[in-house]
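need coordinates for the following:
(one chain, ligands or ions: 2)
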Amino acid sequence: MTAVNDRLLSVIAPAMNEQDNIPKLCAAIKAAMNSADIPYELIIVDDGSRDATWAAVCCEAQKDPNVRGISFSRNFGKESAIFAGLAEAKGACAAVIDSDLQFPPETLCEMYRLWSSGSCELVEGRKNARQKETLTYKLFSKTFYKLLKGMSGIDLDNMCDFKLMDRCIVDTLNSLPEKQTFFRALSDWPGYRKETVPFDVADRNSGSSKFTPVKLVKLALGAISSFSAAPLQLVTGAGCVSFALAAVLSVFTLCFPFVRHANELFCWTAAILLALSGILMIGMGIVGYYMARIYEEVKGRPRWIIGRRTPGSDRT
Ligand code: UDP
Ligand code: MG
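Residues are numbered from 1 along each chain as shown. Ligands and ions are numbered 1, 2, ... in the order given. Okay, the predicted model is just below:
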């Protein structure tokens with residue numbers, strides 16, 4: 001268990017190939033924290049970067065005792081980086097911020113002020129408007145948020161990973177045994193009082209987005225299956241519809257044995273059979289996906305492996 005300073009804010013920044021952003025991130029957070037007189041530690045989690053991100057983290061840690069870093073043995077994904085940071089955090093509260101400076105560090109001060117006033121345990125950053133995105137990305141995220149809301153009741157539109165949590169939430173998240181996480185929704189799951197702070201998303205300081213379409217689809221599917229078993233019920237629903245269709249068709253065939261357009265009927269029967277087998281296969285795919293997730297969980301492999309740490313950043 002980590003030591004807890006009763007005012008300390010742990011800022012967690014996942015970073016993958018962000019070499020040019022690290023110095024600016026450290027400077028911006030330092031300026032914001034000093035201006036509001038907030039005691040802080042900045043934990044940068046290098047998620048298997050292939051550029052000089054780790055060198056930049058080490059350089060910053062050497063200059064500033066408030067900065068420390070851990071580096072994964074390979075890329076484990078942003079979710080793992082966030083949870084590794086939470087496991088390292090020593091603060092009375094912890095915040096997650098992207099390393100590309102799209103989330104303004106000054107908003108952290110507003111979040112901290114709300115938390116320290118004692119009015120809430122969770123402060124969520126809400127994007128005033130969505131960042132500059134392609135039409136496909138916008139359509140994809142809107143569809144994903146609609147599906148997630150419809151299936152699990154969780155409304156994450158305009159929400160992001162920019163959040164500040166009290167130690168009680170950090171401890172709860174650290175104690176969760178599940179391996180496949182979706183921080184954006186899980187941080188809200190323990191409950192507690194919540195406030196929202198609106199902010200404007202800035203442009204990425206340097207580099208480009210690290211989320212490929214494949215990573216985004218995996219994240220979206222993982223999120224839906226983490227919070228909802230509704231897709232499995234869809235399979236049952238599809239089965240009922242197929243069964244009803246089959247019943248209607250049987251009645252039709254029994255009652256009208258001398259149908260004039262036998263060939264047409266044959267075509268329809270074939271089409272229905274094909275549709276049914278399609279539904280069955282999709283259903284098996286959905287069941288298989290959930291089984292694969294269960295399999296991942298029972299394997300019990302660690303969610304990340306820490307390869308390197310900045311000097312003096314061992315857990316206490
Ligand atoms: N990131 C990470 N591991 C990954 C992908 C992203 O640690 O596998 C980090 C990335 O370095 C950044 C944050 O997660 O600090 C958000 O990523 P990005 O800016 O690429 O996402 P976007 O803003 O495009 O949604
Ligand atoms: Mg970004």
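
hmm, who's touching the host helix or strand of Glu60?
Per DSSP states H and E: Glu60 is located in helix 53-63. Helix 53-63 has contacts (Cβ atoms under 8 Å, 6 or more residues apart in numbering) with 15-19, 22-23, 26, 44, 46, 67-69, 71, 308, 310-311, 313. C-beta: built from backbone N, CA, C; applies to glycine.

then stretch 118-131?
102-103, 107, 111, 114-115, 138, 141, 158-160, 162-166, 168-169, 187-188, 192-201, 203.

stretch 93-101 now?
By Cβ under 8 Å, 6+ apart, stretch 93-101 touches 8-15, 18, 21-22, 24-25, 28-29, 44, 82, 85-86, 103, 105, 108, 111-112, 115, 161-167, 170, 183, 202, 204-207.

so which of those residues are in helices?
Among the contacts of stretch 93-101, DSSP state H puts 21-22, 24-25, 28-29, 82, 85-86, 105, 108, 111-112, 115, 167, 170, 183 in helices.

rewinding a little: show me which of the contacts of stretch 93-101 are buried.
Neighbour counting by 16 or more other Cβ atoms under 10 Å classes 8-15, 18, 21-22, 25, 28-29, 44, 82, 85-86, 103, 105, 108, 111-112, 115, 161-167, 170, 183, 204-205 among those as buried.

counting by contacts, list what the biggest helix by length in the chain packs against.
In the chain, assigned by DSSP H, the helix with the most residues is helix 262-299. Helices and strands touching helix 262-299, by 3 or more Cβ pairs under 8 Å, 6 or more residues apart in numbering; DSSP states H and E, are helix 213-227, helix 230-255.

does ligand 1 have contacts with the lengthiest strand in the chain?
When every strand of the chain is counted residue by residue (DSSP state E), the longest turns out to be strand 5-15. Yes. Interface with ligand 1: strand 5-15 contributes 14-15 (Cβ under 6 Å from any ligand atom).

neighbouring strands for that strand, and are they parallel or not?
Sheet pairing of strand 5-15 (DSSP bridges) gives strand 40-46 (parallel), strand 91-96 (parallel).

let me see the backbone angles for the residue most central in space within the chain.
By Cα atoms, centre = their mean, the mean C-alpha position of the chain lies nearest to Phe182, the distance being 3.8 Å. Dihedral pair for Phe182: phi -140, psi 90, per degrees, to the nearest 10.

give me the buried entries from the contacts of stretch 118-131.
So, by 16+ other Cβ under 10 Å, the buried ones in the contacts of stretch 118-131 are 102-103, 107, 111, 114-115, 141, 158-160, 162-166, 169, 187-188, 195-197, 199, 201.

ok, and which of those residues reach ligand 1?
Gln102.

tell me which of the buried ones among the contacts of stretch 118-131 fall in strands.
Under the assignment DSSP E, the buried ones among the contacts of stretch 118-131 contribute 159-160, 162-166, 195-197, 199 to strands.

so what's Arg50 up against?
Arg50 sits next to Asn17 when contact means Cβ under 8 Å, 6+ apart.

now do the SS call for it.
Of the three states, Arg50 takes coil under DSSP: H, G, I helix; E, B strand; the rest coil.

what does this protein put close to ligand 1?
Residues of the chain lying close to ligand 1 by Cβ under 6 Å from any ligand atom are 14-16, 18, 47, 75, 77-78, 81, 98-100, 102, 209-211.

just the buried residues from the residues you listed, in PyMOL please.
In PyMOL syntax, the buried subset of the residues of the chain next to ligand 1 is picked out as below (16+ other Cβ under 10 Å):
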select buried, resi 14+15+16+18+47+75+77+78+81+98+99+100+102+210
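
and the residues of the chain next to ligand 1, which two are furthest apart?
Asn75 and Gln102 (19.9 Å; Cβ to Cβ).

turn the strands paired with strand 5-15 into a markdown table, columns for mean pLDDT.
Shown next, in a markdown table, are those (pLDDT from 0 to 100):
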| stretch | mean pLDDT |
| --- | --- |
| strand 40-46 | 97 |
| strand 91-96 | 96 |
